[in-house]
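> Model the structure of this input:
(one chain, ligands or ions: 1)
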Amino acid sequence: MIQPQLIVGPGALGRLLAMRLSDLAPVTLLGRRPPPESLCLTSPDGQRLQRRLTGATPESLTAPFRGTLHLTTKAYHAAAALEGISAKLAPDTPLVLWQNGYGVQRTLTRRWSGPVLCATTSEGAYVTEGGVVHAGHGETYLGHLDGAHADLAEALAALLSRAGLRCQAVGDIDLRLWHKLVVNAAINPLVARWRIRNGQLRDRPFRPLVEALLDELEAIMHAEGIAPPAEGWHGRVWRVIEGTANNRASMLQDVLAGRPTEHDAILGPLLEAARRHGLATPQLSALYAAG
Ligand code: PAF
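Numbers count the residues shown, from 1 in each chain. Modelled structure (predicted):
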């Protein structure tokens, strides 16, 4: 019997996980307000699946929860969301952190009594009124920040892969989080500030801004001792821009919806690292100040 899966945060990623896992395990989707009881998943090939899910709020969650907890809230809300239900969780509950950025992962890995894994995904999804659209398949990587709990990571990666979200357990999630952070920092704040789609970064006046940002990001990563991806920092970022040219990035979606953004979670750790190494970051600092 597969352990129950509790998904905290009914945004696009939370809904996608809940719908994909619900054929394999008992799933509860938890939000601050009661999530819809029935959701529709539109898969990348256009198929529509309707599922009834168990919805819960922090108040209605039955204690003690025994199973796996996936925390899919925005980075700025993750610590408070966990705090709000921690009294109802068995202390050895495995926790999977799905946040962008780099910061809350270390804090919660230190703070939580059970095993903590971090995930980074390039699955594309967005929320619709009655459900979620799985816009495009991507890759998910899962692991403990210091490479511990390899068996748990393997078991969860196998479960996610069976659920249709291709996932690999890795021993270097720390490095992969940094790589994702650089991609997010080079794209998200700029497209959110200028309200443009990712592909417009290829054109003037934005292209030189991306290049200047990349030079600063590359210097920070070098000083931190973070190895570049095989295609290099510039190659990686331009490939993602090309591949997501028509997308509105997550931070732009937040701005357009009037929600708080992940500005701090994305730029904060990079500016902090730059300060530690005495590096000047005029582009990053200007974007931070503008946000
Ligand atoms: O945050 C996002 O939207 C994505 O991580 C990315 C890579 C910037 C593509 O839109």
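> On the C-terminal side of the longest helix anywhere in the chain, identify the next helix or strand.
Identified as the longest helix of the chain according to DSSP state H is helix 173-194. Downstream of helix 173-194, the first helix or strand assigned by DSSP states H and E is helix 206-224.
> other SSEs contacting that next one?
helix 173-194, helix 232-243, helix 263-276, helix 282-290 (3 or more CB pairs under 8 Å, 6 or more residues apart in numbering; DSSP states H and E). Quick note: C-beta positions are derived from backbone N, CA and C, even for glycine.
> would you turn those helices into TSV with distance to I2?
Below are the helices and strands packed on helix 206-224 laid out as TSV (distance: least, CB to CB, whole Å):
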stretch	distance to I2
helix 173-194	23
helix 232-243	33
helix 263-276	31
helix 282-290	43
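> Can you tell me which of these is most buried?
Compared across the helices and strands packed on helix 206-224, helix 173-194 shows the largest average neighbour count, a mean of 22 (mean count of other CB atoms under 10 Å).
> Is A119 located within a helix, as I assumed?
No: counting by DSSP: H, G, I helix; E, B strand; the rest coil, A119 is not part of a helix but strand.
> The stretch 51-200 of the chain against the ligand: which residues are in contact?
For the stretch 51-200 of the chain, the contact set with the ligand under CB under 6 Å from any ligand atom comprises 183-184, 187-188, 198.
> ok, back up a step: mind putting the helices and strands packed on helix 206-224 into CSV with distance to L29 and mean pLDDT?
Below are these laid out as CSV (distance: least, CB to CB, whole Å; pLDDT from 0 to 100):
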stretch, distance to L29, mean pLDDT
helix 173-194, 24, 96
helix 232-243, 29, 94
helix 263-276, 23, 95
helix 282-290, 34, 95
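> So which of those helices is nearest L41?
Minimum separation from L41 across the helices and strands packed on helix 206-224 (CB to CB) falls at helix 232-243, 22.6 Å.
> Pull the distance from that closest one to the chain's centre.
Distance of helix 232-243 from the chain centroid (CA atoms, centre = their mean, to the nearest Å) equals 18 Å.
> now stretch 106-115
17 Å.
> C-alpha coordinates for it, CSV please?
Written as CSV, here are the backbone C-alpha positions of stretch 106-115 (Å, rounded to 0.1, in the frame of the first residue of the first chain):
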residue,chain,number,x,y,z
ARG,A,106,18.3,25.0,4.2
THR,A,107,16.1,26.5,6.9
LEU,A,108,13.4,23.8,6.8
THR,A,109,16.0,21.0,6.4
ARG,A,110,17.5,22.1,9.6
ARG,A,111,14.2,22.8,11.4
TRP,A,112,12.0,19.7,10.5
SER,A,113,12.3,16.6,12.6
GLY,A,114,11.8,14.1,9.8
PRO,A,115,13.7,13.6,6.5
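> So for that stretch, mean pLDDT?
Mean per-residue pLDDT for stretch 106-115: 97.
> Could you pull out the buried residues of that stretch?
108-109, 112, 115 (16 or more other CB atoms under 10 Å).
> Now for the closest residue in space to R33 that isn't next to it in sequence, how many residues are close by?
Using CB to CB, 6 or more residues apart in numbering and skipping the chain neighbours, the partner closest in space to R33 is T57 (6.8 Å). For T57, the tally of surrounding residues (other CB atoms under 10 Å) stands at 14.
> Spell out which residues sit in contact with the closest residue to the ligand within the stretch 51-200 of the chain, please.
Minimum separation of the stretch 51-200 of the chain from the ligand (CB to the nearest ligand atom) falls at I187, amounting to 4.0 Å. I187 makes contacts with 198, 201, 210, 237, 240-241, 244, 249, as judged by CB atoms under 8 Å, 6 or more residues apart in numbering.
> Nothing else from me, thank you.
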